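In: How does the following fold in three dimensions:
(2 chains)
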Amino acid sequence: MRLAEYRYSTVRGIRSQLLFVGQVEAVRMGEVVQVIAPDGRELEGEVLAVHANDVLIQVFGECRGLDVQHTTVVFGDAIKQTPLSPTMLNRVFSGSMHPLDEKPMFVPERWWPAGGFPLNPTLRESPREFIETGISAIDGLATLVKGQKLPIFSCAGLPSQQMVADILKYARTPQGNFVVIFVALGLTHHEHAFYMRILEELDTHYVAIINLAGDSVLERLLAPRFGLTVAEYFAFQHGMDALAVVTDMTNYCDALREISSAREELPGRRGYPGYMYSDLALLFERAGRIKGRPGSVTMLPVVTMPEDDITHPIPDLTGYITEGQIVLSRELHQQGIYPPVDVLPSLSRLMQHGIGQGLTRKDHRQVANDLYRQYARGSDLRGLAAIVGREGMTGADRRILDFCEAFEKEFVHQQSGRRPILDSLDLGQELLARFGPP
Amino acid sequence: MKGTIIGITGPTVTVDLADLKLYDRLKVGHAGLQGEVVRLAGDHAVVQVYEETKGLGLGEPAQPLGVPLSARLGPGLMGQVYDGLQRPLPLMGETFGPFIRPGCDLPSLPEDKGWPFTPLKKVGDRVAVGEALGFVRENSFTHALFSQAGGVITAIAQGDMDLRRPVAELDDGRLLHAAQDWPIRTPRPFRRKLPPTSPLITGQRVIDFFFPLALGGTAIIPGGFGTGKTILEQTIAKHAAVDVVVYVGCGERGNEMAEMLEEFASLSDPWSGRPLAERTIMVANTSNMSVAAREASIYTAVTMAEYYRDMGCHVLLLADSISRWAEALREVSSALEEMPGEEGYPTYLASRLSGYFSRAGVVETLNGTTGSLSMILSVSPPGGDFSEPTTQACLRASGAFYMLDTALAHRRHFPAIHWGQSYSLYGEEVGRHCTEAVCRQWVELRKKSMTLLQKEEKLREVSEIVGAEGLQDEDHFLLHAADRIRSRFLCQNSFSEDAFSAPAQTAELIALLVRQYEQGAARLAQGEDLAVLLREMR
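Out: As a prediction, this is how the structure comes out:
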C-alpha cells in the first residue's frame, strides 16, 4: 500500500477508451486511476495491463478532449469497490455509484469489491421458497424461487418495460424482508422518466442503479456488478431477500462487444468476445443462497432477443447459465394479451423446490401440469384447425381449443394488476373445470 | 530461486525467471496466486494464473514450485469435493468462509487423518514398481497402496498410519509414501489396453438397450439448453453399475452443483446399498470460478479416475460439460495471443480432445489386475448447432453418441435421446454379451423394436401429407405400438422409481411390447377389428 498518490503526465497514446501511460512505477492490476483532462475535467479509469513500466488504462467516460501533452493520470492504489450502507435504501445512483436523486452521497459503512468472489459450491444452499411476482403466468407455471436466476426473453417492441415495472411493484416474499435492486442499462430518457415515476410510487425497499443510453459504455459493464454487490450486501449482511432486476442485458452484451473490440481482442460469434459466457456467468452466478445464513440474491434479467432469434448468442448463452427462462411472444402481444408470456417455451428449472404445501399450495404442481398439458395439446390442435377448420374437429378437440383461448384471455392476460398466487391457482382450477377434465 | 513480476495482462503474468520448465507450477504475488508456466522466452517466462489477477502488483514476488500441475493421489479422495485445482472445497469453506478468495489454498488430502493399514509385504520382500504394498480401508472401499519404486523392503508400517509418515522403506534408503503427486496432463501407466466388450449398465433403457456403452468406452451427450443434459448425467452418476464415479461440474451452474451435492449425501448406491457419496469424487468448478482452473478440472478428474482404475476398479467419469472446457481452452489460448482456428478455438482443440478421450479404456494394470475407465461427457453446442467445432471434434473421438433433441424435450419426453440420430459403436460386442448374460432375444428384440420406430417415423411423414384418414388399419396399429414403446420404454422419469431399470427388467419390458404388437398385428391381418384391439391394449 502506497501512502501517497502518484501523478504522471507521461501519456504515450490514446485509442478510443484506452490510454497508454509510460514510466509508471509499482502499479497494480485493476487499480483505479483518475484521469485529468487538459480542461480540468476528471475521469475515472482502471489499469488493464502492465508491461515493464508501460501501463494500459481503460477510461470510464467520454475520452473526447484528452491529449498526450497535458493529460494527467493519478494512481491511487485502490481497486474498484462498491460503497455500501443501509442508508442506500430507496435511493438512485449512476453507473459509477454517484447519487442521482439530488441528495448528498451517503457515508459508506463498508467497501466491497464490485466483481465479487465465487461462492464455494459446497456452501451454496440450493434454492427453495417462493417469490411472488404477482403475474399468473410466472407464479403459476414458471415459478421464481429464492436464489434463482430467471431471465425474461423479450423481443423489440414488446412491453417488457411495463412488465419490469409490474414486477418492481408487485414482487414480494411471504416473509416480507425484501429489497429490489433495479439496474437499468442504456436507458433512453423516455424510459428513464417512466421508471423514475414507478420508483417514486414503490412501496417496497429498493436501490436503483441507472445507466443512461448516453452514459459511458464502460459504466454499463460496471453497473450490474455494483448492483449485485449491493444485493449481496443486503442479502448476506442484513439477511434480506434481494431481487436484482437487470434490464436490458442485450445492452450489456453490446457494451462488452464494443469494449472487447476496442481492446483488439479476437471476436467470437457475431463479434461478441469468446469469454462472454464466462463474463455473463460471473454476473448470473452471483444469485444464490448461503448455507446457514438468512437472505438470498435472486436475479431477473431482461434480454431483448435481436431479430426475435432465441439462438442469437446473447439469449443462447444466457439460457445455458440461467435456471430457465420466461419467453414473451409477439403473437400474443398482437392479440392484446398482456403480459404476453408464451408458457410453452417458458420454464423454471427450480420450480419444484418453490411450490407445494407450506410454500404455495399443495395442488400447485398438479394444476400447473394440467394447465400446461392442456394448453400444449391445444396449441398442436390449432395447427390442425388452421387446415381442416373448426367444423372438421371433434367436440372434445373443440373444447380444448376453447380452453386455449380462455387460458390466454383470462389466465395469462391480467390488466387489472397484481394477482396473488392463490387467486392464480383458483383461476387455473376453474378454467380446467370449465372445459372438462383434462 | 525467486523472481519478480514484470508484466500483467489479464490472467497472464510475465516473470523474470529464466530456468523454468514448461508447465511448471508457480505461486505469484504476495497473495500466492497459483499459476502454470505456459511460455518460455529467454530471460522471462509467461505464467497462466488460475485466479483473479486484480490487485496483483508489478514487482511482487514469483515463487517456482519445481513441479508441474499435479493431483495428489492417496486415501481420502473418495467422497471429496474438489475444485479444478484439487483444492478441497468443504474444508476451504470451513477455513475461509463461503467465498473463494484468491490465494486461498489447503492440502488436497487430510494429512493427519489416521488410516488402518494392512501390509501385504513384509520386511525382506522384494517389491516392483506398481506392486501393492498393502491396503487401507477407505469407508467400505479397499484402497490398495502401490509402490512407486522397486527394491527390497527394510521397514513397513502396520496398523494406524497417516500421510505424513512413510509406509515403507527400501534397502537403498528410499521412502515410500501412501500419497503421491501425479502430473495431471500425463496419463498414468498400465501394461496394455484391452478391447471394451462388457456393458456398462446405466439403468437408462434407451442407452442400455439401443445404444449401449461398454466398460472402458466413451460417449458424448450433446444437446441445446433445456434438453436435460445435466439431469441425465446426474441420473447416470447415481445408478451406473461401476465401483467409482468421478463427476466433473465443468463450468456449469452453482445451484445445480449444490443440489447434486445435497442429493448425493442422502442417497445410497443401488448396487451396494452404501451411501452414494462413498463411491463418488466430485470436481466442482462452476462457471463463475476460475476459467484456467476449469480448463485443468477435467485433467484433475481423469487423473484421480485413473488412480482408482489402477486398483482394478471400474471407474466412470462424467463431465458436464466439455464445451465449457473447450471455451476455457479458447479463453486461455486467446489470452496467450495464439493463432485462432475455427470459431476462435485453438487449432489443437481436436487433438487435445482425442488425447483426452484416449485416456479411457479397459487396461491390464501394472500389478496384473483389470480395471476400466469409461467416460460420458455432455456437450453444449451454441444455438443447438451440432456443426460447431467442439461437437464435431467429440464426435470423431467418442464411441457412442446420445443426441438430445429439443423437440422431444419440449414434449417432455425425457431422456430426450433421439433414437433415430444416436448411435453406439459398442452395440455389437455388448449385444453379444447381453444375449448370453441377460436375454436370448436381446439383439433380435433390438432390431425389431428399432424397425418399428423407424417405420413409425416414415408413417408420420406420410400421414402429415395424406392426413390420418389416409392410413391403413395396420398403420394405425403400428403407430399405436410405437407410441407405447416411446412412452413406456424410451421415456424414463428421473425423479421416480423408474429412474433405474436393470437389464433383465429392460429386456422383459421390450419383449412384452414387441410381443403385443406382433400378436395384435397378426390378429389384425386375420380380420379382427382395430378398435377392439386398441381397447384391449389399453
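In: What mean pLDDT does stretch A:190-197 get?
Out: Across stretch A:190-197, pLDDT averages out at 94.
In: Can I get that stretch in PDB? Just the C-alpha atoms.
Out: Output in PDB follows, covering the C-alpha atoms of stretch A:190-197 (Å, rounded to 0.1, in the frame of the first residue of the first chain):
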ATOM      1  CA  HIS A 190     -38.200   8.300 -22.200                       C
ATOM      2  CA  GLU A 191     -37.700   5.000 -20.400                       C
ATOM      3  CA  HIS A 192     -35.800   6.800 -17.600                       C
ATOM      4  CA  ALA A 193     -38.800   9.100 -16.900                       C
ATOM      5  CA  PHE A 194     -41.100   6.100 -16.900                       C
ATOM      6  CA  TYR A 195     -39.000   4.100 -14.400                       C
ATOM      7  CA  MET A 196     -38.400   7.200 -12.100                       C
ATOM      8  CA  ARG A 197     -42.200   7.500 -11.800                       C
END
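In: Mind listing what's buried along it?
Out: Neighbour-count burial for stretch A:190-197 flags A:191, A:194-196 (criterion: 16 or more other C-beta atoms under 10 Å in any protein chain shown). The way it works is simple: take the backbone N, C-alpha and C, and place the C-beta from them, glycine included.
In: Quick one: the residues you listed as TSV, columns for secondary structure and distance to chain B too.
Out: Supplementary listing: the buried residues of stretch A:190-197 in TSV, determined by DSSP: H, G, I helix; E, B strand; the rest coil; distance: C-beta to the nearest C-beta, whole Å:
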residue	secondary structure	distance to chain B
A:191	helix	29
A:194	helix	32
A:195	helix	28
A:196	helix	32
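In: Tell me the span between the first and last residue of stretch A:112-125.
Out: Counting by C-alpha to C-alpha, to the nearest Å, you get 22 Å between the two ends of stretch A:112-125.
In: An error on my part: the question was meant for stretch A:296-313.
Out: Stretch A:296-313: ends 29 Å apart by C-alpha to C-alpha.
In: With stretch B:136-144 instead?
Out: Start to finish, the residues bounding stretch B:136-144 are 7 Å apart (C-alpha to C-alpha).
In: what's the answer for stretch B:405-425, then?
Out: Stretch B:405-425 has an end-to-end distance of 20 Å (C-alpha to C-alpha).
In: Wait, residue B:61 touches residue B:30, no?
Out: Yes - using C-beta atoms under 8 Å, residue B:61 is in contact with residue B:30, at 7.2 Å.
In: Neighbour count for the two, which is higher?
Out: Neighbours were tallied for residue B:61 and for residue B:30 using other C-beta atoms under 10 Å in any protein chain shown; the higher tally belongs to residue B:61 (14 against 11).
In: Report the separation between that one and residue A:76.
Out: According to C-beta to C-beta, to the nearest Å, residue B:61 and residue A:76 sit 23 Å apart.
In: which one of the buried residues of stretch A:190-197 is nearest residue B:483?
Out: The nearest member of the buried residues of stretch A:190-197 to residue B:483, counting by C-beta to C-beta, is residue A:191 at 50.0 Å.
In: how about the spatially closest residue to that closest one that is not a sequence neighbour, phi and psi?
Out: In this structure, residue A:191 finds its nearest non-sequential neighbour in residue A:161, 6.2 Å apart by C-beta to C-beta, 6 or more residues apart in numbering or on different chains. Main-chain torsions, residue A:161, degrees, to the nearest 10: phi -60, psi -50.
In: what's the neighbour count on residue 32?
Out: By default, I'm working from chain A. As a burial measure, residue A:32 scores 18 neighbours (other C-beta under 10 Å).
In: not quite, I wanted chain B
Out: With other C-beta under 10 Å as criterion, residue B:32 counts 15.
In: The residue nearest to it when sequence neighbours are not counted and chain A, how far apart?
Out: Residue nearest to residue B:32 in three dimensions, not counting chain neighbours: residue B:103, with 4.9 Å by C-beta to C-beta, 6+ apart. Using C-beta to the nearest C-beta, to the nearest Å, one gets 11 Å for the distance from residue B:103 to chain A.
In: In this model residue B:35 seems to touch residue B:103, though I could be wrong.
Out: No - assessed by C-beta under 8 Å, residue B:103 is found out of contact with residue B:35, at 11.4 Å.
In: more crowded one of these two?
Out: Taking other C-beta under 10 Å, residue B:103 and residue B:35 do not tie; residue B:35 has more neighbours (27 against 17).
In: ok but that one is inside a strand, no?
Out: Yes - counting by DSSP: H, G, I helix; E, B strand; the rest coil, residue B:35 falls inside a strand.
In: Would you state the strands of the stretch 101-250 of chain A in chain order?
Out: Secondary structure of the stretch 101-250 of chain A (DSSP state E, counting those that start in this stretch): strands at A:110-113, A:124-125, A:130-131, A:144-145, A:152-155, A:178-187, A:205-212, A:241-247.
In: Select, out of these, the one closest to residue B:372.
Out: Closest to residue B:372 of the strands of the stretch 101-250 of chain A, according to C-beta to C-beta: strand A:124-125, at 33.0 Å.
In: does that closest one come close to chain B?
Out: Yes - residues of strand A:124-125 are located near chain B by C-beta under 8 Å from any C-beta of the partner chain, namely A:124-125.
In: hmm, back to that, between the buried residues of stretch A:190-197, which is closest to residue A:216?
Out: Taking C-beta to C-beta as the measure, residue A:216 lies nearest residue A:191 of the buried residues of stretch A:190-197, at 17.8 Å.
In: circling back: let me know which of the strands of the stretch 101-250 of chain A is the nearest to residue B:315.
Out: If we rank these by C-beta to C-beta, the stretch that ends up nearest is strand A:124-125, at 26.8 Å.
In: in its sheet, what does that closest one sit against?
Out: Sheet pairing for strand A:124-125, assigned by DSSP bridges, gives strand A:289-290 (antiparallel).
In: So what touches the strand it pairs with?
Out: For strand A:289-290, the surrounding residues in contact (C-beta atoms under 8 Å, 6 or more residues apart in numbering or on different chains) are A:119, A:123-127, A:146-147, A:236, A:295-297, B:98.
In: which parts of stretch B:148-158 are buried?
Out: If you call a residue buried by 16+ other C-beta under 10 Å, then stretch B:148-158 has these buried ones: B:151, B:153, B:156-157.
In: Can you tell me which of these comes closest to chain A?
Out: residue B:157 (32.1 Å; C-beta to the nearest C-beta).
In: and residue 28, backbone torsions?
Out: Reading this off chain A. According to degrees, to the nearest 10, residue A:28 has phi -120, psi 150.
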